[in-house]
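In: Give the three-dimensional model of this entry:
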Amino acid sequence: MSQFRNNKNNYFFIITAFVVSVVLLYFIFSWITKFKTAIMPVNSDSASLAFESKQSLIKKVVSLQTTLDKQNASLVALSSLEKENENLKAQLGRSFDKDTGVLARVIFTPNRSLYDTMILDAGSDEGIEQDQIVYAFGDTALGTISDVQNKSSTVLLYSSPNRETVGNITGSNIAVTLIGRGAGEYEVRMPRDISFEQGGIISAQSLEVHTLATIQKIVTDPRDPFQRLLAKAPVNLQTLKWVIVK
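Out: Down below sits the predicted model:
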């Protein structure tokens, strides 16, 4: 009888321990679930959408600001060009003046016209005449007027292929003949025993110093008693916008 009672007590203890363990596990699991809920967003999908919408809005604002900055820069550049245009016209005008000359806009550059020529938007109505000299930036001689219309004129460049132009090496009395090669480039042939320097300036033969070209390269050959000077106009003829005719 005593043995039975002891077994019964053991069973009761085991069952009680099991129930207590289950209850404790339940409370621990519930606590963990509540803790995760507290630290995680209530609706992860909604939070993700809200984050994406914010990022998209930021990108749009940045894009609009960039576009606005570009437009402002364009307006500033346009205003600057308009002022430059007005100043040029105010200083030189369109009426003929033997000292200042006639300001003309280049409407066709050599790469868009034939035979190494330029077309200007000024002609006989502005006082331009055939054989007048055309200058860039006031002191670089480019060529001469070869044809004149009422509202336009044609410039035959000194660099026109095979055209010969006499000039001087600046700083010396050495006279040279430039032979046009097109696109503002020239070739000069001189005895090999005469010394020249790369970067030397060749100017037109006139009372005033007007640049024709600068020496870009000197080519020599021991078998040839002559040397070749490759020269080029110091302006970009393809982007030239204004010239002076006088």
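
In: which residues touch the strand or helix carrying residue 218?
Out: Using DSSP states H and E, residue 218 sits in strand 211-219. Contact with strand 211-219 is made by 139-141, 158, 165, 167, 170, 178, 184, 186, 196-204, 227-234, as judged by C-beta atoms under 8 Å, 6 or more residues apart in numbering. Any C-beta I mention is one placed from the backbone N, CA and C, and that applies to glycine too.

In: Show me what residue 165 is bridged to.
Out: residue 178 (DSSP bridges).

In: hmm, I was thinking of residue 187
Out: Beta-bridge partners, per DSSP bridges, of residue 187: residue 179, residue 230.

In: Mind checking which of the contacts of strand 211-219 are buried?
Out: Buried members of those, counted by 16 or more other C-beta atoms under 10 Å: 140-141, 158, 165, 167, 178, 184, 186, 196, 200-204, 227, 229-233.

In: Mind checking which of the residues you listed are in strands?
Out: Among the buried ones among the contacts of strand 211-219, the ones falling in strands (DSSP state E) are 140-141, 165, 167, 178, 186, 201-204, 227, 229-232.

In: rewinding a little: mean confidence score for the strand holding residue 218?
Out: Averaging pLDDT along strand 211-219 gives 95.

In: and of the ones in strands among the buried ones among the contacts of strand 211-219, the nearest to residue 151?
Out: residue 141 (24.2 Å; C-beta to C-beta).

In: In space, what's closest to that closest one - neighbours in sequence excluded?
Out: Residue nearest to residue 141 in three dimensions, not counting chain neighbours: residue 210, with 4.4 Å by C-beta to C-beta, 6 or more residues apart in numbering.

In: I'd like the distance from that neighbour to residue 129, if you could.
Out: 19 Å (C-beta to C-beta, to the nearest Å).

In: between those two, which one's more packed in?
Out: The residue with more neighbours, out of residue 210 and residue 129, is residue 210; 17 against 13, by other C-beta atoms under 10 Å.

In: Need the pLDDT of residue 88.
Out: Looking at residue 88, its pLDDT is 57.

In: quick one: the strand holding residue 218 to strand 226-232, angle?
Out: 130 degrees (axes from the mean of the first three to the mean of the last three C-alpha atoms, to 10 degrees).

In: Grab the CA positions of strand 211-219 and hand them over as CSV.
Out: Output in CSV follows, covering the C-alpha atoms of strand 211-219 (Å, rounded to 0.1, in the frame of the first residue of the first chain):
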residue,chain,number,x,y,z
THR,A,211,50.3,88.4,-88.0
LEU,A,212,49.9,85.9,-90.8
ALA,A,213,51.0,82.7,-89.2
THR,A,214,53.2,81.0,-86.6
ILE,A,215,55.8,78.4,-87.3
GLN,A,216,54.5,75.0,-86.1
LYS,A,217,57.2,72.7,-87.4
ILE,A,218,60.6,72.8,-89.1
VAL,A,219,61.4,69.9,-91.5
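
In: Under the pLDDT cut-off, which ranges of the protein? List them.
Out: Confidence mapping of the chain against pLDDT under 70 gives the ranges 1-52, 69-99, 112-114, 207.

In: Pop the domain breakdown of it in here.
Out: 102-157, 164-236 (automatic domain parsing).

In: Among those, which comes closest to residue 60?
Out: So among the domains of the chain, domain 164-236 is nearest, using C-beta to C-beta, at 41.0 Å.

In: tell me how far the ends of that closest one are from each other?
Out: 21 Å (C-alpha to C-alpha, to the nearest Å).

In: The chain should start at 16 in everything you say after this.
Out: Shifting the count to begin at 16 puts that one at domain 179-251.

In: what packs against the host helix or strand of residue 122?
Out: Using DSSP H and E, residue 122 maps to strand 117-123. Counting contacts by 3 or more C-beta pairs under 8 Å, 6 or more residues apart in numbering; DSSP states H and E, strand 117-123 is packed against helix 59-107, strand 132-135, strand 257-260.
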